[in-house]
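[1] Mind folding the following:
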Amino acid sequence: MNSFSRNERSVFDHVPLVIYQCTQQGIDRNFKFVSPYVYSLLSLTPEQLTQDSKAFFCRIHPEDRNMFLRAWEKHTHLPATIRLEYRMLGEGNRVVWVQENSVMSQGSIENEMICHGALIEIPDHQHIKEELQRWDRELQSLTGNLPDIIGRFDRKNRVMYLNRWWDSVDPIPPEKYLGKELIELGVSQKVAGVFEEKIQSVCKKGISESLEISHPTGKGLKNFEIRFCPEPTIGGQILTVLLICRDVTDVRMAELAFRDSDEKFRQLAETVDSVFWIWDVDLQQIVYVSPAYQRLWGGDPQKLMNNPFDWLSIVFQEDQAKVENLFLKRIDAKGLDIEYRIVTGRHELRWIHNRTFPVKDSSGRIHRIIGIAQDVTERKKWEEERLRGAKLESLGLLAGGLAHDFNNLLTAILGQLSLAKYTLDSSNPLFTRISEAEHASLRAQDIARQLLTFSKGGAPVKKTVSLKEILHENVRLVLAGSNVRPIFNISDDLWPVTIDAGQICQVIHNLVINARQAMEEGGECIIQAQNVKGDGVELSGLGAMTSHAQDWIEIRFIDNGIGISKDNLEKIFDPYFTTKSTGSGLGLATSYSIVRNHGGLLAVKSALGEGSTFSLFLPAIPIQEMSPELPERSVKVGQGKILIMDDEIQIRNVLGEMVGTCGYSYQTAKDGDEALRNFCEAREIGSPFSAVILDLTIPGGLGGKEVISRLLTIDPQVKAIVVSGYSNDPVLANYQDYGFKGRVAKPFNLVDLSVVLHSVLEKTTS
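    The predicted structure follows:
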């Protein structure tokens, strides 16, 4: 096995993840090398792991060990790569979520694998909690208006969410159900046992299951149809099960009524939207079908009477074989319960839930079959959107966390580069090299910005800018290397706009990507930008604005591609709608949302074969010329004592050096408690801090928002600057509302920090 060099190992000493080399056989993992960060993560020394081959496996959470072993055993074709997420036990059995990435190759003996990999902790950031709280509010708003009972259970059969219970029409408060088992909610032992069996089965198999039960309520005995749906995480584990419970008492009562009287059945069947039908076993034909068959399905009842299997022609082609096989074999036997798709007379694809119930005569012989075909399309859509939404929500949270960590790394890199640059004369060759490295680091911000945009977090952080250069730079970036040529027609007197430049850049990217994909054989993408008065927008027929502004800029993205059909044009901004096999359907929907949040409008005109024109309207500031905002190029030096709070030691160190270079003395704190303690002690000895720099997010501790709230009670005149890797966090966007005097979004360099410090202290002094 090739070992890391001494220099490589010394680098690993400072990397906040666990780098390792090992051989693995089953639960035995013989480590050849483990980086020191393993102690910070698991309270295990590298020596403990290299000396005990089972030490690593014993630290895996007991519930995740089987999954861990199965994941490694299924890789029989080597070399291969593996990516896993699972839980480990740290100091005091603290649960630590980790992501493992490893490259495997064949060892010297059978069943032995040589592994080179890394472990990184998946932190529980504050924004994840806020996102989950937001999702819970949205879920409660959605489910609170549904007639069904919607619930969520964990693997231990405990209730995590419940919108209402049995015969109640009012929402149920969380304290009544959260963390409780069904028996604690008054459910019988028998019913609770059935629920537990279904929940465990769904968690194990990963597929939805259904059942029907009768249960006493305040309004008498009622029938409930219950569906249990798995909720997979990003790693494929099923930790929770979604429950959809529908009161079907009326349906069951209707079924009983049908058995008692054909006339009553007919009267009821003709008033509902479900298709009811009766099959005569002796005649081997359908003797009744409700009007919904023609009204909703578009079928011909007379044809069905003449040919009892004529309805199969309406079944979606991919489902026909399955449906035909089941009905031909079992129509006269026991009841059927099947879901399939049909194509209606209006060419709509609909999901149908078809059930049959045998009716016996006085001698016990089955002489008729009653069938009920219900349209369950909306339920299917809800289930699919719920699963898709859960996955996207998880990916969004992960994307936000990655962006935060990436911005932290960039801050450390950019800080060190700017410190090195500050010590050099501009004529020094290294000065130019470091400047180029700084520029590359700042360009890497685009990656973090796109991740944050996908994570859906936060309000726009706006400032007034000119879009001329932004348009040129971003359009050329997207079209670089393609066979589409950009043509710019931008007014010289284009008014400035107040926007979140990162979010609007994302809109520009999406619109230009859409134009490029519409011209697979190449072409021209025309970018027009001009000033427009409010009445001009209204006359354009593009609809009302979301803002009352009277002055706008209009940017048109024109392509000569394949165009968009009239039917698709109405759905072009709908989430998940796409005509591309590789598309997610999120680009234009996200762009539409961003523009709306800026008080603007995004509209489209197109026809098949005539290309497309997307028009972007944004509120503008009608001034003749905007003097360019030249960024501060020199370091602002000052005096005073600064308190720095950040949970990562690399950030604390580089911030300290930067503050010291600016002429200030400083003291650091790793969390909110230590920062508050240092602040109070400094006041008591008569040497208060001139300003405090607070990181917004401290995992497992008090973050910047909580600390500033407490500092203001101690000293209402405190001068605090908020710092965050979440550049679109609402606190960063509206920092003054929380009591901060300044803000800095990671990553930043020495000049950025010195300017904000100088501005905060200068304003206060003046």
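[2] quick one: low-confidence ranges for the stretch 501-650 of the chain?
    Low-confidence segments of the stretch 501-650 of the chain, defined by pLDDT under 70: 534-549, 570, 574-587, 624-633.
[3] Now do the helices in it.
    For the stretch 501-650 of the chain, the helices defined by DSSP state H, counting those that start in this stretch occupy 501-518, 534-539, 566-569, 587-597, 649-661.
[4] quick one: the helix or strand harbouring S754 to helix 649-661, angle?
    Assigned by DSSP states H and E, S754 falls within helix 750-765. In terms of direction (axes from the mean of the first three to the mean of the last three Cα atoms, to 10 degrees), helix 750-765 departs from helix 649-661 by 60 degrees.
[5] What's the first helix or strand after the helix or strand containing L221?
    Using DSSP H and E, L221 maps to strand 220-232. Using DSSP H and E, the next helix or strand after strand 220-232 towards the C-terminus is strand 238-247.
[6] quick one: strands adjacent to that following strand?
    strand 149-154 (antiparallel), strand 220-232 (antiparallel) (DSSP bridges).
[7] Can I get these in TSV including mean neighbour count, mean pLDDT and distance to D282?
    (C-beta placed from N, C-alpha, C; glycine too.) Below are the strands paired with strand 238-247 laid out as TSV (neighbours: other Cβ atoms under 10 Å; pLDDT from 0 to 100; distance: least, Cβ to Cβ, whole Å):
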stretch	mean neighbour count	mean pLDDT	distance to D282
strand 149-154	20	85	42
strand 220-232	17	86	31
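[8] Need those in a markdown table (columns: distance to G206).
    Output for the strands paired with strand 238-247, formatted as a markdown table (distance: least, Cβ to Cβ, whole Å):
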| stretch | distance to G206 |
| --- | --- |
| strand 149-154 | 15 |
| strand 220-232 | 5 |
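[9] Go through the ones you listed and name the closest to L694.
    Among the strands paired with strand 238-247, the nearest to L694 by Cβ to Cβ is strand 149-154 (35.3 Å).
[10] Now do the same for E383: helix, strand or coil?
    helix (DSSP: H, G, I helix; E, B strand; the rest coil).
[11] how much space between A669 and N678?
    Separation of A669 from N678 (Cβ to Cβ, to the nearest Å): 5 Å.
[12] separation between R710 and G686?
    21 Å.
[13] So which of those two has more stuff around it?
    More crowded of R710 and G686, by other Cβ atoms under 10 Å: R710, with 14 against 6.
[14] contacting residues for that one?
    Applying Cβ atoms under 8 Å, 6 or more residues apart in numbering, we find R710 in contact with G672, L676, L702.
[15] which residues touch the second one?
    What that stands for is L676. Counting by Cβ under 8 Å, 6+ apart, L676 has contacts L702, V707, R710, L711, I714.
[16] Please list only the buried members of those.
    L702, V707, L711 (16 or more other Cβ atoms under 10 Å).
[17] any idea how far S141 lies from N163?
    From S141 to N163 the distance is 10 Å (Cβ to Cβ).
[18] Looking at these two, which has the bigger crowd around it?
    Neighbour tally, S141 and N163, criterion other Cβ under 10 Å: the higher count belongs to N163, 22 against 9.
[19] which outside residues touch the strand holding L221?
    So strand 220-232 is in contact with 149, 152, 166-167, 198-199, 201-203, 206-216, 238-249, 251-252, 383, 386-387, 390-391, going by Cβ under 8 Å, 6+ apart.
[20] cutoff 7 Å now
    Under the criterion Cβ atoms under 7 Å, 6 or more residues apart in numbering, residues 198-199, 202-203, 206-215, 238, 240-249, 252, 383, 390 lie in contact with strand 220-232.
[21] How about H367, nearest residue that isn't a chain neighbour?
    Nearest residue to H367 in three dimensions, chain neighbours excluded: D361, at 4.8 Å (Cβ to Cβ, 6 or more residues apart in numbering).
[22] hang on, the one you found packs against R368?
    No - applying Cβ atoms under 7 Å, one finds D361 not in contact with R368, separated by 8.5 Å.
[23] Mean pLDDT per helix and strand in this structure: which one sits at the bottom?
    helix 534-539 (a mean of 52; mean pLDDT, DSSP states H and E).
[24] need the contact list for W72.
    Going by Cβ under 7 Å, 6+ apart, the list of residues near W72 reads Q24, I82.
[25] mind running it again at 8 Å?
    Taking Cβ under 8 Å, 6+ apart, one finds Q24, I82, M113 in contact with W72.
[26] Need the per-residue pLDDT for G458.
    You'll see G458 listed with a pLDDT of 49.
[27] Domains in the protein, by residue range?
    6-121, 127-247, 252-377, 404-455+632-766, 467-619 (automatic domain parsing).
[28] any idea how far N66 is from I369?
    45 Å.
[29] which of those two has more neighbours?
    I369 (21 against 10).
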